[in-house]
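Q: please work out how this folds:
(2 chains)
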Amino acid sequence: MPFLSNFKIAIQTGDVGTDETVYYEFNSHKLELCDIEGGTATGQRFEGTGEPRSFVHSLHLVGPEEGEWTVDSISVEFTCQGDDPYEIEYGPVVLTPNNMVQLWMEKPPPVYDV
Amino acid sequence: MFMEDEERERRQKIQAPLIQSDLPDRPDEGAEAKIQIKAQPQNSMDQLKLMLNRELLPEHSWVFQNPEDAKDSPTAQALLELDGICSVQVDGSTLLLYREIPFYSLDEWEPLAKEAGQTLRQHFESGLPLVPPAALETIPPSEEIHSKATAVIEEEINPGIAAHSGVITLNRVEGNRIFLLMGGGCQGCSAASVTLRMGIHRTFHERIPGIGAIYDETDHAAGENPYFS
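A: Next up, the predicted model:
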């Protein structure tokens, strides 16, 4: 199980933004991001950093407490102990008070032409 | 701070589509397009995924479990003769090779991947179907697969894994593909993929001739005790 030192997240908001604080869930803890730049209003780009410094069981981006938040794309750069950073990109998703979207993914194996 | 129990129960864990930039171009059935084959060993070390820019088997999926299954498919036969390969799964433009004994590192897959790529290029040159049409005619309707799969789960699979507090449910059937959810002790269990491939796949393929790929749609990171059960 990888030891997640930190991650950087960039969220591109779509048609419906949110004015709430952005939280992530890490191993059942609900935490705020730090080093925040940008915003989560319609069409805005938001960037933040999380520093869990622990073995990762689960990592999610938490939906707002009220209304919808449409997200066009999410990119996450993970830095795990003893390994080079790697980036994962996700496509559109709608976040609500009743969901949270999976962020964690192990480093994907290499892809090559054969 | 801990997420409150009420909130944890309320919030469904969802998955956004993964964007992969290193995939082959869009599948193209045109014979004039240059064949692209990308290989990706899987972290489990026992599987190699081959992704193509053209369909190998449109509409259906198929699994060759042994040389006898592959006797009418020279390409599948050749793939099953590669170092340690024990099973070949084809689904649309993707092919999955399973190795009986996992490699120790991802790098070890590379020579085998190149041989597999060469075999697939020869396959397209041959013009032969990967799966003989007569075999495809044995595929039962989805409704029949659904009812048979439900019976197999209830009567054979779940009693077998109950000792480990595991439970399997049929999430959906698409064509001859089966999508499963692994719950209880199976969710998050580090041995779930082995159980799925060595036990569950075999049982399904023995009991329901004509079924194709079997996929696990479980969010294994969402279990109560992921990786510790």
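Q: for chain A, what's its nearest residue on chain B.
A: Nearest residue of chain B to chain A: residue B:117, at 3.0 Å (Cβ to the nearest Cβ). Any C-beta I mention is one placed from the backbone N, CA and C, and that applies to glycine too.
Q: what helix or strand is that residue located in?
A: Here residue B:117 sits within helix B:109-126, counting by DSSP states H and E.
Q: what pLDDT does the nearest residue to residue B:100 once chain neighbours are set aside get?
A: Using Cβ to Cβ, 6 or more residues apart in numbering or on different chains and skipping residues adjacent in sequence, the residue nearest residue B:100 is residue B:86, 4.2 Å away. Residue B:86 carries a pLDDT value of 93.
Q: how many neighbouring residues does residue B:86 have?
A: Neighbourhood size, residue B:86 [other Cβ atoms under 10 Å in any protein chain shown]: 15.
Q: helices or strands next to the helix holding residue B:117 in the packing?
A: With contacts defined as 3 or more Cβ pairs under 8 Å, 6 or more residues apart in numbering or on different chains; DSSP states H and E, helix B:109-126 has these neighbours: strand A:112-113, strand B:37-41, strand B:47-52, helix B:74-80, strand B:94-99.
Q: want to throw those into JSON lines with mean neighbour count, mean pLDDT and distance to residue B:163?
A: JSON lines is the format used below for those (neighbours: other Cβ atoms under 10 Å in any protein chain shown; pLDDT from 0 to 100; distance: least, Cβ to Cβ, whole Å):
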{"stretch": "strand A:112-113", "mean neighbour count": "14", "mean pLDDT": "93", "distance to residue B:163": "42"}
{"stretch": "strand B:37-41", "mean neighbour count": "23", "mean pLDDT": "95", "distance to residue B:163": "32"}
{"stretch": "strand B:47-52", "mean neighbour count": "21", "mean pLDDT": "95", "distance to residue B:163": "27"}
{"stretch": "helix B:74-80", "mean neighbour count": "20", "mean pLDDT": "96", "distance to residue B:163": "33"}
{"stretch": "strand B:94-99", "mean neighbour count": "21", "mean pLDDT": "94", "distance to residue B:163": "26"}
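Q: of all these, which one comes closest to residue A:8?
A: strand B:37-41 (24.6 Å; Cβ to Cβ).
Q: angle of the closest one against strand B:47-52?
A: Computed with axes from the mean of the first three to the mean of the last three Cα atoms, to 10 degrees, the direction of strand B:37-41 lies at 160 degrees from that of strand B:47-52.
Q: do strand B:37-41 and chain A meet?
A: Yes. On the criterion Cβ under 8 Å from any Cβ of the partner chain, strand B:37-41 is in touch with chain A at B:37, B:38, B:39, B:40, B:41.
Q: for residue A:16, which non-adjacent residue is closest in space?
A: residue A:70 (4.4 Å).
Q: please enumerate residues in contact with the host helix or strand of the one you found?
A: Taking DSSP H and E as the definition, residue A:70 sits inside strand A:69-80. For strand A:69-80, contacts defined as Cβ atoms under 8 Å, 6 or more residues apart in numbering or on different chains pick out A:2-18, A:40, A:61, A:63, A:85-96, A:101, A:103-105, A:107, B:16, B:19.
Q: counting neighbours, what do you get for whichever residue of chain A sits closest to chain B?
A: Nearest residue of chain A to chain B, counting by Cβ to the nearest Cβ: residue A:114, 3.0 Å away. Residues near residue A:114, counting by other Cβ under 10 Å, number 19.
Q: which non-adjacent residue is nearest it?
A: Closest residue in space to residue A:114, ignoring its immediate chain neighbours: residue B:117 at 3.0 Å, by Cβ to Cβ, 6+ apart.
Q: may I have the residues that are in contact with the one you found?
A: When contacts are counted by Cβ under 8 Å, 6+ apart, residue B:117 touches A:113, A:114, B:37, B:39, B:50.
Q: quick one: low-confidence parts of chain B?
A: B:26-32, B:185-195, B:198, B:219-229 (pLDDT under 70).
Q: just the strands in it please.
A: With strands called from DSSP state E, chain B shows them at B:12-14, B:18-19, B:37-41, B:47-52, B:57-64, B:85-92, B:94-99, B:166-174, B:177-184, B:214-216.
Q: between the residues of strand B:37-41 next to chain A, which sits nearest residue B:7?
A: residue B:40 (36.5 Å).
Q: that closest one and residue B:23 touch, don't they?
A: No. The criterion here is Cβ atoms under 8 Å, and residue B:40 misses it with residue B:23 at 9.3 Å.
Q: hey, what's in contact with both of those two?
A: Counting by Cβ under 8 Å, 6+ apart, the residues touching both residue B:40 and residue B:23 are A:111, B:51.
Q: report how many residues lie close to the spatially closest residue to residue B:156 that is not a sequence neighbour.
A: Of all residues beyond its chain neighbours, the one nearest residue B:156 is residue B:203 (5.8 Å), with distances taken as Cβ to Cβ, 6+ apart. If you count neighbours by other Cβ under 10 Å, residue B:203 ends up with 14.
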